[in-house]
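[1] Need the 3D shape of this:
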Amino acid sequence: MFINGQFVESKTTEWVDLKNPATNELITRVPKCTNAEMHEAVRSAKEAFRTWSQTSILTRQQSMFKLQQLIKENMKRLAANVTEEQGKTLADAEGDVLRGLQVVEHACGVTSLQLGETLPSITKDMDTMSYRIPLGVTAGITPFNFPAMIPLWMFPLALVCGNTMVLKPSERDPGCTMMLMELLKQTGVPDGVVNVIHGTHDAVKFICDHPDIRAISFVGSDQAAKNWIPELVERARKLKVNAGHEPGADLGPVISPEAKERICDLVESGVQEGAKLLLDGRGIVVPGYEKGNFVGPTVLADVTPQMRCYQEEIFGPVLLTLSVDSMDDAIALINSNPYGNGTAIFTTNGATARKYTQEIDVGQVGVNVPIPVPLPMFSFTGSRGSFLGDANFYGKAVRATVLVDLVD
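    Coordinates of the predicted model:
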């Protein structure tokens, strides 16, 4: 844990084994923090807020400049940890860190982005000012798939606005978050400004229920033409599956044996429900990593929205293909999905692209861009079951309006 500026050992009796997904060798054990430890994290953040919220915005900005530089200097070390714990290739892991770094760089612009509004002389000798004030103790709950980027979506913006934070990284790959706390401590921010707890469902429930936590940032789950498919299958077949740190690896292992079992089960359910298995990556064995959680590229065709493999997010190297008769049918299919995180269309027709972007009900839309994650100066948007609320600096501060009469 990281409580009140110190790395401390939990007194819990419950631990989660954290294994390298390429070898299934034990890396470390992650504590399920006790209730008392989680309360101490919130207490520490609440106490730190009293002084941190009153620090100069320039002081908070300088801490982000320092954090930015430290992340750059430790980029490869952070990426190596992501690969070791999460399994993605080193190239993907460095991209994970880089996208998080961009958020820190964005936070460095707080002095411009947090400007308020003023209307002088609304009546004789009276002005009106509107400005942003911090909320208090905030919290962040992050998933396993981007262990560097997503924590960095959360705590830098919260801190630079004057908030404090209790952060709960995924219990499956929390190492990068702990390394980021080492770097944050080097910036000189006061103890207690960020506190890190570990756990599973109980920790999430604790955060959601705690009355002193004013805002929560959460990323996680909520309990085409056939003529190019053969070419796609052949390209997928050529992808190299290996441990993430091995040169030339295109795909690393999935996060855990349970994840591998779940992915394979969803693939099998698709086959049993009538989908065509064009490429089967189950049962792949990587030499030197025989105990790893590897699933090779897998392609299922003729999937329908009623199938379990379509209704549950797979979180693995599995491509599902569905066929529709028209653009209107494609838009209706996507808009009927309970989630609305991201979507993309590939076309050279401007009218088609315009129709798609105007009629689709999804938070992030790509035109010839496969993963339309916005740069940090734009909000990370979602729709329906993927709705995230305001992101960016918004949601980390609340507007306050003041009327001033300066006449004695």
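[2] What residues of stretch 249-258 count as buried?
    Within stretch 249-258, the residues that count as buried by 16 or more other CB atoms under 10 Å are Ala249, Leu251, Gly252, Pro253, Val254, Ile255, Ser256. Any C-beta I mention is one placed from the backbone N, CA and C, and that applies to glycine too.
[3] Where does pLDDT dip in the stretch 251-400 of the chain?
    374-400 (pLDDT under 70).
[4] Now do the helices in it.
    257-272, 308-311, 327-335, 350-359 (DSSP state H, counting those that start in this stretch).
[5] Including distance to Glu290, could the ones you listed go into TSV?
    Output for the helices of the stretch 251-400 of the chain, formatted as TSV (distance: least, CB to CB, whole Å):
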stretch	distance to Glu290
helix 257-272	13
helix 308-311	27
helix 327-335	40
helix 350-359	45
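[6] residues contacting Ile314?
    Ile263, Leu266, Leu320 (CB atoms under 8 Å, 6 or more residues apart in numbering).
[7] ugh, wrong one, Gln311
    Under the criterion of CB under 8 Å, 6+ apart, the neighbours of Gln311 are Pro305.
[8] what separates it from Asn337, distance-wise?
    9 Å (CB to CB, to the nearest Å).
[9] which one of the helices of the stretch 251-400 of the chain lies closest to Asn74?
    Distance to Asn74, taken as CB to CB, is lowest for helix 257-272 among the helices of the stretch 251-400 of the chain, at 27.7 Å.
[10] Just the CA trace of that closest one, in PDB.
    Below are the C-alpha coordinates for helix 257-272, written out as PDB (Å, rounded to 0.1, in the frame of the first residue of the first chain):
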ATOM      1  CA  PRO A 257      -5.300 -18.600 -16.300                       C
ATOM      2  CA  GLU A 258      -8.800 -17.600 -15.500                       C
ATOM      3  CA  ALA A 259      -8.900 -15.100 -18.300                       C
ATOM      4  CA  LYS A 260      -7.600 -17.700 -20.700                       C
ATOM      5  CA  GLU A 261     -10.200 -20.200 -19.600                       C
ATOM      6  CA  ARG A 262     -13.000 -17.500 -20.000                       C
ATOM      7  CA  ILE A 263     -11.800 -16.500 -23.500                       C
ATOM      8  CA  CYS A 264     -11.700 -20.100 -24.700                       C
ATOM      9  CA  ASP A 265     -15.100 -20.800 -23.200                       C
ATOM     10  CA  LEU A 266     -16.600 -17.800 -25.000                       C
ATOM     11  CA  VAL A 267     -15.100 -19.000 -28.300                       C
ATOM     12  CA  GLU A 268     -16.500 -22.400 -27.700                       C
ATOM     13  CA  SER A 269     -19.900 -21.000 -26.900                       C
ATOM     14  CA  GLY A 270     -19.900 -19.100 -30.200                       C
ATOM     15  CA  VAL A 271     -19.100 -22.300 -32.100                       C
ATOM     16  CA  GLN A 272     -21.900 -24.200 -30.200                       C
END
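[11] Buried residues, that helix. List them.
    Ala259, Lys260, Arg262, Ile263, Cys264, Leu266, Val267, Gly270.
[12] Lys168 is in contact with Ala41, correct?
    No. Shown here, Ala41 and Lys168 do not form a contact pair, counting by CB atoms under 8 Å, at 9.2 Å.
[13] what's the closest non-adjacent residue to the residue most central in space within the chain?
    The centre of the chain sits closest to Ile150, judged by CA atoms, centre = their mean, with a distance of 3.3 Å. Nearest residue to Ile150, sequence neighbours excluded (CB to CB, 6 or more residues apart in numbering): Thr142, at 4.5 Å.
[14] which residues sit in contact with the one you found?
    Counted by CB under 8 Å, 6+ apart, Thr142 has contacts Ile150, Pro151, Met154, Leu167, Lys168, Pro169, Ser170, Thr177, Val219, Gly220.
[15] The second one and Val103 touch, don't they?
    No. Taking contacts as CB under 8 Å, Pro151 lies outside contact range of Val103: 9.7 Å.
[16] neighbour-wise, which of these two wins?
    Pro151 (28 against 25; other CB atoms under 10 Å).
[17] can you map out the strands along the stretch 101-250 of the chain?
    Assigned by DSSP state E, counting those that start in this stretch, the strands in the stretch 101-250 of the chain fall at 117-123, 126-134, 137-141, 164-168, 194-196, 213-218.
[18] Please disregard the earlier target; I meant the stretch 301-408 of the chain.
    Applying DSSP E, counting those that start in this stretch to the stretch 301-408 of the chain gives strands spanning 318-320, 339-340, 342-345, 364-367, 383-384, 397-405.
[19] can I see the domain layout of the chain?
    2-221, 225-323, 334-373 (automatic domain parsing).
[20] Buried deepest among these, which one?
    Burial of the domains of the chain is given as mean neighbour count (mean count of other CB atoms under 10 Å); domain 2-221 ranks first at a mean of 19.
[21] Now do the shared contacts for Gln311 and Asn337.
    Common neighbours of Gln311 and Asn337, using CB under 8 Å, 6+ apart, are Pro305.
[22] rewinding a little: measure the residue nearest to Ile150 to Lys72 for me?
    21 Å.
[23] quick revisit: can you put the buried residues of stretch 249-258 in a markdown table and add distance to Gly274?
    Conversion of the buried residues of stretch 249-258 to a markdown table gives the following (distance: CB to CB, whole Å):
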| residue | distance to Gly274 |
| --- | --- |
| Ala249 | 33 |
| Leu251 | 27 |
| Gly252 | 31 |
| Pro253 | 29 |
| Val254 | 25 |
| Ile255 | 29 |
| Ser256 | 29 |
